[in-house]
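>>> let me see the structure of the following:
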Amino acid sequence: MKLDKKALDSLLSLPDEQLVSMLRVISKGEFPSRKTDAKTISGLRHMLSVVTDEDITRAVELIEQYKVGKKAGGRNG
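From the prediction side, this is the model:
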């Protein structure tokens, strides 16, 4: 799945349980497995609704930098 604003908007159209399920898949298990309460889901929906393509691009860049540092055994930062 390509992560962009359009993809996030499509996630927002999902019912809560499916949204949480997809977030777990996208995060490769890093999203908590415990039951997610309504307040947390509401906060996630808000956060996803205000993210811009520029935010996504920057996050991807940071993740890539982290991966490179982790493979080299060092720390970026």
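
>>> where exactly do the helices run in this protein?
Counting by DSSP state H, the chain has helices at residues 5-12, 16-26, 38-50, 53-71.

>>> adding mean neighbour count and distance to Pro32, write those out as CSV.
From N, CA and C alone the C-beta is placed, and that goes for glycine too. Converted to CSV, these look like this (neighbours: other C-beta atoms under 10 Å; distance: least, C-beta to C-beta, whole Å):
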stretch, mean neighbour count, distance to Pro32
helix 5-12, 14, 17
helix 16-26, 14, 8
helix 38-50, 12, 9
helix 53-71, 11, 19
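
>>> could you dump these to TSV with mean pLDDT?
Output for these, formatted as TSV (pLDDT from 0 to 100):
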stretch	mean pLDDT
helix 5-12	92
helix 16-26	90
helix 38-50	94
helix 53-71	87
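
>>> tell me how far Arg24 lies from Glu61.
24 Å (C-beta to C-beta, to the nearest Å).

>>> let me fix that: Arg45
25 Å.
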